[in-house]
Structures are given as C-alpha cells and as structure tokens.
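J.: sequence and predicted structure below; questions after.
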Amino acid sequence: MTVSSSPRTWFITGVSSGFGRALAQEALAAGHRVVGTLRNEAARAEFDALQPGRSFGRLLDVTQGAEVARVVAEVEASVGPIDVLVNNAGYGHEGTVEESSLDELRQQFEVNVFGAVAVAKAVLPFMRARRRGHILNITSMGGIVTFPGLGYYHGSKFALEGISETLGKEVASFGIHVTAVEPGGFRTDWAGRSMVRAPQTIADYAPVMGPVRERRLARSGKQDGDPVKAARAMIQITEAVNPPAHLLLGPDAVKVVREKLGALQEEIKAWEALSVSTDFTPATV
C-alpha cells in the first residue's frame, strides 16, 4: 500500500555520481524537488541547471558539523520542508585491518558514520515538529555480511545499520520512518574512483588480498546492479504506508544475507547449550 506521491522535497547527500545522482534524477523525473550536496562549485552549478526551480545544489562537506546544520536550516527556509533525507555520501576503504592505519579508520567513520548522523540530527528537529518524514541511510549488504579486505568499510556500515535501526524505533511515534538501504553490487564508482586502497605492506597477506583486489577492480563498472532501478525502488518505499526498516537491493545482496542468517542460526544452535549456561545458579540452603 502506498501513500500519496504528491511532490516532496528530497535532501540527498553526494549527488555527483552513483546512487546519489541516479536517485536525484529519478526523483526529479517523478516531479519532486531535490536538494543535492556536492563538493565543488562547478558541480553545484551543473546540478542547479538540471531542473531549474526543482534542483538545488548545495556545497557541503558532511564532516563539518556546524556547516551541516547551517545548510539544512537554510534549505528549510529557502527551498521548503525536507520530506525525505537520503544519507548517500560515503566511500569505501580497501585494505586488511593490520595494513590499514588508524587514521584511515577514523576518516572512514568520519564520513560514513559521523557525517550521516550529523545530517540526520540536523534534519530531525524539523521532521519531528511536523510529525512526518523519512530518512534513508545508504548502508550496504556489507553492513550485514563481510568480505576480506573491507574491515574498515564493514565496520562503518555495521555501525550505521545499528544507528539506523535504533533511530527508527526512537522516532516512529513522531511519524518519522528510517530505512537502512543495503545494496549489493551496482554499477557505481564505489570500487573505482570512490575506493581508497591501503598499500599492501605485509607479504603474508598477498595470497589473500592480491586476488581479491584484482577481482574487485575487474568487476568495477560491470556489476549486475542498475543504479536507476535501485533509485526507483528507493522512491517506491518512500511512498509506502509502512516502509521497511531494512531494504536489500540486488539478488546478490538477498543471497549472501540469507546465507549469513542461515549460518548464524546454525552457529547459535551448535553453541546454544554453552550460551544459556551462563546465568547465576541459585544458592542452595
């Protein structure tokens, strides 16, 4: 069941390419207003020109908390009430945990976690006052399952998954929905231009990481997923009366997450006796 699809105002972070650009274009095509954040003036002007009067570019670095709050307040005042927030800005980090620096871990979380939370916190007071709104946090199937060489990325997406699910429970009574969107492999720049790769410095990891890195690079731009279809799916859930707390995108995401859940059930069963043996034993008189 869907709600009215009357024009709404979307605020999407990171609209220069990938999911952000596809979603912005599809939302505009559906008649909505879109505020998109970008990192340079040329890109901002180009976004403004997509649909004059309905596409609004804003310069924003999501890691700058004070600037996030200022831009959101300015958009609310000048463009209109933000109905849908999409936290899309982010990037991938590839490298084993041992070979990747702590500074790289901090930066991964600054963008993928702290940036998304900062934007949500800036938008929430307005949505709460209106008693309506929808927040989509773009996580990943990598927020549920893991693959070698993506530990920092997985950590950031697991964190955003937990925050999204908790936030959804906190704001449900205000008429605000929160959905963690979990894409599988799509034809975006994630594994190419948007991926930071730590140098391989420890020979022991070469047999593991060498082939993994080569396969990931070879698949970049050739993944099965279509970002336009993903964008349409995201628009569809914002029109649902009861949107999901989690939305997997892509048959690969469905497959690997289902396999993980099955393996987790088996592991729980195998170790259940030990798991439930840890309560206090009442003292005997």
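T.: All right, it came through fine. In this text, all values refer to a predicted model and were calculated from it rather than measured experimentally. Residues are numbered from 1 along each chain as shown.
J.: what is the end-to-end distance of stretch 142-162?
T.: Stretch 142-162 has its terminal residues 13 Å apart, counting by Cα to Cα, to the nearest Å.
J.: how about stretch 138-157: buried residues?
T.: 138-146, 149-157 (16 or more other Cβ atoms under 10 Å). C-beta coordinates here come from the backbone N, C-alpha and C atoms, glycine included.
J.: kindly report the same for stretch 199-214.
T.: 205, 209, 212-213.
J.: of the residues you listed, which belong to helices?
T.: Applying DSSP state H to the buried residues of stretch 199-214, the entries found in helices are 209, 212-213.
J.: and the longest strand for the protein?
T.: Counting by DSSP state E, the longest strand found in the chain is strand 176-183.
J.: partners of that strand, with directions?
T.: strand 133-138 (parallel), strand 246-249 (parallel) (DSSP bridges).
J.: select, out of those strands, the one closest to R70.
T.: Closest to R70 of the strands paired with strand 176-183 is strand 133-138 (Cβ to Cβ; 19.4 Å).
J.: pull the helix or strand with minimum mean pLDDT from this protein.
T.: helix 206-219 (a mean of 81; mean pLDDT, DSSP states H and E).
J.: got the buried residues for the helix or strand that comes right after that helix?
T.: The C-terminal neighbour of helix 206-219 among helices and strands, as given by DSSP states H and E, is helix 227-238. Neighbour-count burial for helix 227-238 flags 227-228, 230-235, 237-238 (criterion: 16+ other Cβ under 10 Å).
J.: quick check: mean pLDDT across helix 227-238?
T.: Regarding helix 227-238, the rounded mean pLDDT is 97.
J.: angle of it against strand 133-138?
T.: Put simply, helix 227-238 runs at 150 degrees to strand 133-138, going by axes from the mean of the first three to the mean of the last three Cα atoms, to 10 degrees.
J.: just checking, what packs against helix 227-238?
T.: Identification of packing neighbours for helix 227-238 by 3 or more Cβ pairs under 8 Å, 6 or more residues apart in numbering; DSSP states H and E yields helix 18-29, strand 133-138, strand 176-183, strand 246-249.
J.: mind redoing it with 7 Å?
T.: Counting contacts by 3 or more Cβ pairs under 7 Å, 6 or more residues apart in numbering; DSSP states H and E, helix 227-238 packs against helix 18-29, strand 176-183, strand 246-249.
J.: make a markdown table out of the ones you listed and add distance to I163.
T.: Below are the helices and strands packed on helix 227-238 laid out as a markdown table (distance: least, Cβ to Cβ, whole Å):
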| stretch | distance to I163 |
| --- | --- |
| helix 18-29 | 19 |
| strand 176-183 | 9 |
| strand 246-249 | 13 |
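J.: which one of the ones you listed is the most hemmed in?
T.: For the helices and strands packed on helix 227-238, the largest average neighbour count (mean count of other Cβ atoms under 10 Å) is found in strand 176-183, namely a mean of 24.
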